[in-house]
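**Q** sequence and predicted structure are below.
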Amino acid sequence: MTVQRLATVLACLLVCVPVYGAQEYTLVLIGGRVIDPETGLDAIRNVGLVDDKITTITTESLTGRDVLSVDSLVVAPGFIDLHSHTPTPLGQRYQVQDGVTTALELEAGAFPVEDFGYYLRDGSILNYGASAGYGNMRNQVMHGIRQPHLADPRETLGWLGRWTEFRGLFGQVTTANTKVADAEERAELRKLLHEGLDRGGIGIGLPLDYYSEGIDNDEVRAIFEIAGERQAPVFVHVRRGINGDPAGLREVLALAKDTDAPLHVCHITHNAMVNIELFLREIREAQAVGVDVTTELLPYTAGSTTIGAAVFGRDWRTIFNIDYSDVEWAATGERFDQTMWDEYREKYPDGQVIHHYLKEDWNRRAVVEPGLIVVSDLLPMFTEDSKVAPHNGAFARVLGRYVREQGLLDLNTAIAKITLLPARRLERLAPAFVHKGRMQEGADADVTIFDPATIIDRATYQNPYQPSDGIHYVIVNGTVVVRDRQFVEGVHPGRRINAS
Ligand SMILES: [Zn+2]
């Protein structure tokens, strides 16, 4: 080494080291109100991101390649939706504009689980994943139908194919819903359940109410036994009784207690109805004796499904405590009478209806329940001229209506219900969630930045294709997908999340 070279190296040690040592942030968020529901942080901070990680949260000034000034805005962990039925580009577009950075299909699930990303083959805007869908397994075992069944019917049949696919979501009009399984079929179903979990299914999706006639007590117990053995949560749409009859809830609570299966009760007000207080109490009592049970709220006052759905073959007016005039034909907004109902159910079993059967007070009661998670239950979105009526905007709705307008709960509690609590529900089975739902150094760079003074949902059942307002920036794995309240075209930073 020459003297000159040595001098250069020494000079470099003095001058270059601080430069090499300085953190080069790919993205910096300046001056936002950073809220982390786990540590209780709620303060003005600067946030530095390096690629797909949050690396610095500080009061010091930061510089980086891309700098967003976010003062007067809330910087929260990206919202995690445990209950979304729309893994489609259009659905994802609306979900990120509602602040969602991870959307999961856990109630219905998918099988084969790995087929779930079918519509996202050109890239995913947000993080996504699915449970092992028991209904899909049943369709396969009883009918040899592999669902979600791929390309052909949907792509070649256009809208008809899409309806076929939507129907397949819960399989409501096949005998897979009503046929009681024989011994051989039960053995095969158990095998497929293990297979679904082995292949990364995030728990088990059990839309039990749709299969009420077909699935008997032994079959449900077998599902819970496997869930207990594998410590995989079962996401259940419980069997629906008359006007909030708690028998369906009690069935799954007892099974969870017996088998040690983690249990998540879907859209509680939609099943509890007038008995919301009773349902919440029984869940708390189960938790108190060690049952690993959680629940969720879909913050709307109607349900939406096909007119051919199993429940409408039963005494649905008593079950929901409504009449024909409380049900809307989604395509036109018309309300039914008996003649129209009988005709449409016969002719268009796959047509979408919106049945208005909930009271806003039940949602208001549920949303303040400690530990309760908020979800969207967003229906599939394929095209904006679709006749499906998704309720889009659940997260902005909770932050705008229940937090700001009605003051039912504080902002930090509401944020926990859409970030930390869903992450915790899943992190034992899917460790990827240890790094989500938090604004902490080392966490994944999934971030939602919104204005608490203006955030609100704008979509309605009649006009569902309206993005939420007040969401300024959404960041998925370090990439900005909503910037200055505009959806960013052509970026696909989302990743698939599996159970480990
Ligand atoms: Zn459901």
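**A** Received, thanks.

**Q** and Gly49, what are its bridge partners?
**A** Just to correct that, residue 49 is Leu rather than Gly. On DSSP bridges, the residues paired with Leu49 through beta bridges are Leu27, Ile54.

**Q** can you name the residues that contact it?
**A** Residues touching Leu49, when contacts are defined by Cβ atoms under 8 Å, 6 or more residues apart in numbering, comprise Tyr25, Thr26, Leu27, Val28, Leu29, Thr55, Gly64, Ala445, Val447, Ile475, Gly478. (Each C-beta comes from the backbone N, C-alpha and C, glycine too.)

**Q** neighbours of the fourth one, how many?
**A** So the one you mean is Val28. Taking other Cβ atoms under 10 Å as the criterion, the count of residues near Val28 is 20.

**Q** quick one, phi psi at the closest residue to it other than its chain neighbours?
**A** Using Cβ to Cβ, 6 or more residues apart in numbering and skipping residues adjacent in sequence, the residue nearest Val28 is Gly64, 3.7 Å away. Here the main-chain torsion angles of Gly64 (degrees, to the nearest 10) amount to phi -170, psi -180.

**Q** before we move on, what about Arg221?
**A** Reported as degrees, to the nearest 10, the phi and psi values for Arg221 are phi -60, psi -40.

**Q** do I have it right that it meets Thr259?
**A** Yes: using Cβ atoms under 8 Å, Arg221 and Thr259 qualify as a contacting pair, with a distance of 7.3 Å.

**Q** where does the stretch 401-500 of the chain dip in pLDDT?
**A** For the stretch 401-500 of the chain, applying pLDDT under 70 flags no range at all.

**Q** drop anything exposed from the contacts of Leu49.
**A** Buried subset of those (neighbour count, 16 or more other Cβ atoms under 10 Å): Tyr25, Thr26, Leu27, Val28, Leu29, Thr55, Gly64, Ala445, Val447, Ile475, Gly478.

**Q** same list, these, but as JSON lines with distance to Ala396 please.
**A** Output for the buried ones among the contacts of Leu49, formatted as JSON lines (distance: Cβ to Cβ, whole Å):
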{"residue": "Tyr25", "distance to Ala396": "28"}
{"residue": "Thr26", "distance to Ala396": "27"}
{"residue": "Leu27", "distance to Ala396": "23"}
{"residue": "Val28", "distance to Ala396": "25"}
{"residue": "Leu29", "distance to Ala396": "20"}
{"residue": "Thr55", "distance to Ala396": "29"}
{"residue": "Gly64", "distance to Ala396": "28"}
{"residue": "Ala445", "distance to Ala396": "22"}
{"residue": "Val447", "distance to Ala396": "16"}
{"residue": "Ile475", "distance to Ala396": "17"}
{"residue": "Gly478", "distance to Ala396": "23"}
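
**Q** you'd agree Val481 is up against Phe487?
**A** Yes: the criterion here is Cβ under 8 Å, and Val481 meets it with Phe487 at 7.2 Å.

**Q** neighbour-wise, which of these two wins?
**A** When neighbours are counted by other Cβ under 10 Å, Val481 comes out ahead of the other of Val481 and Phe487, with 24 against 17.

**Q** mind listing the shared neighbours of Val481 and Phe487?
**A** Common neighbours of Val481 and Phe487, counting by Cβ under 8 Å, 6+ apart, are Val96.

**Q** what about Glu489, neighbour count?
**A** What Glu489 shows, counting by other Cβ under 10 Å, is a neighbour count of 7.

**Q** what of Val265?
**A** Applying other Cβ under 10 Å, we find 26 residues neighbouring Val265.

**Q** and it, what are its bridge partners?
**A** Beta-bridge partners, per DSSP bridges, of Val265: Val236, Thr295.

**Q** how much space between it and Gln97?
**A** Distance of Val265 to Gln97, computed by Cβ to Cβ, to the nearest Å: 28 Å.

**Q** could you pull out the helices for the stretch 151-300 of the chain?
**A** All helices of the stretch 151-300 of the chain, identified by DSSP state H, counting those that start in this stretch, fall at 151-170, 183-198, 217-230, 247-259, 268-272, 276-288.

**Q** highest average neighbour count across these?
**A** Here the criterion is mean neighbour count by mean count of other Cβ atoms under 10 Å, and of the helices of the stretch 151-300 of the chain the winner is helix 268-272, at a mean of 26.

**Q** how about the closest residue to Ala432 other than its chain neighbours, phi and psi?
**A** Once flanking residues are discounted, Ala432 sits nearest to Ile497: 4.9 Å by Cβ to Cβ, 6+ apart. Taking degrees, to the nearest 10, you get phi -120, psi 130 for the backbone angles of Ile497.

**Q** does Ile497 touch Ser131 like I think?
**A** No: the pair formed by Ile497 and Ser131 falls short of the contact definition of Cβ under 8 Å, at 11.4 Å.

**Q** between those two, which one's more packed in?
**A** When Ile497 is set against Ser131 and neighbours are counted by other Cβ under 10 Å, the residue ahead is Ser131, at 33 against 20.

**Q** quick check, that one in a helix?
**A** No: secondary structure assignment places Ser131 outside any helix; it is strand (DSSP: H, G, I helix; E, B strand; the rest coil).

**Q** now the strands for the stretch 401-500 of the chain?
**A** When assigned using DSSP state E, counting those that start in this stretch, the strands of the stretch 401-500 of the chain occupy the ranges 447-450, 471-476, 479-483, 486-487.

**Q** how far does the last one sit from the chain's center?
**A** On the basis of Cα atoms, centre = their mean, to the nearest Å, strand 486-487 is displaced by 21 Å from the centre of the chain it belongs to.

**Q** report pLDDT for Gly144.
**A** Looking at Gly144, its pLDDT is 73.

**Q** just give me the neighbour total for it.
**A** The number of residues near Gly144, taken as other Cβ under 10 Å, comes to 7.

**Q** how close does Ala366 get to Tyr465?
**A** As it turns out, when the distance is counted by Cβ to Cβ, Ala366 lies 27 Å from Tyr465.

**Q** which one's more surrounded, these two?
**A** Legend: neighbour count by other Cβ under 10 Å for Ala366 and Tyr465, higher for Ala366 (23 against 16).

**Q** with adjacent residues omitted, what lies nearest to the more buried one?
**A** Once its chain neighbours are removed from consideration, Ala366 has its nearest residue in Leu297; the separation is 4.6 Å (Cβ to Cβ, 6+ apart).

**Q** give the contact list for the one you found.
**A** Counting by Cβ under 8 Å, 6+ apart, Leu297 touches His267, Ile268, Thr269, Asn363, Ala366, Val367, Leu372, Ile373, Val374, Val375.

**Q** again, only using 7 Å
**A** By Cβ atoms under 7 Å, 6 or more residues apart in numbering, the contact list for Leu297 reads His267, Ile268, Thr269, Asn363, Ala366, Val367, Leu372, Val374.

**Q** for those residues, give me TSV that also has pLDDT and distance to Ser212.
**A** As requested, the contacts of Leu297 are exported to TSV (pLDDT from 0 to 100; distance: Cβ to Cβ, whole Å):
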residue	pLDDT	distance to Ser212
His267	96	16
Ile268	97	18
Thr269	96	20
Asn363	97	25
Ala366	98	23
Val367	98	28
Leu372	98	25
Val374	98	27
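
**Q** reformat the residues you listed as CSV; add distance to Asp315.
**A** Compiled in CSV, these are given as follows (distance: Cβ to Cβ, whole Å):
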residue, distance to Asp315
His267, 21
Ile268, 22
Thr269, 21
Asn363, 25
Ala366, 25
Val367, 30
Leu372, 30
Val374, 31
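
**Q** now for these: which two are most distant?
**A** For those, the farthest-apart pair by Cβ to Cβ is His267 and Val367; their separation is 12.4 Å.

**Q** what does the helix or strand where Ala396 lies contact?
**A** Ala396 is part of helix 394-397, with elements assigned from DSSP states H and E. Here helix 394-397 makes contact (Cβ under 7 Å, 6+ apart) with 79, 98-100, 298-299, 374-376, 418, 455-457, 468-471.
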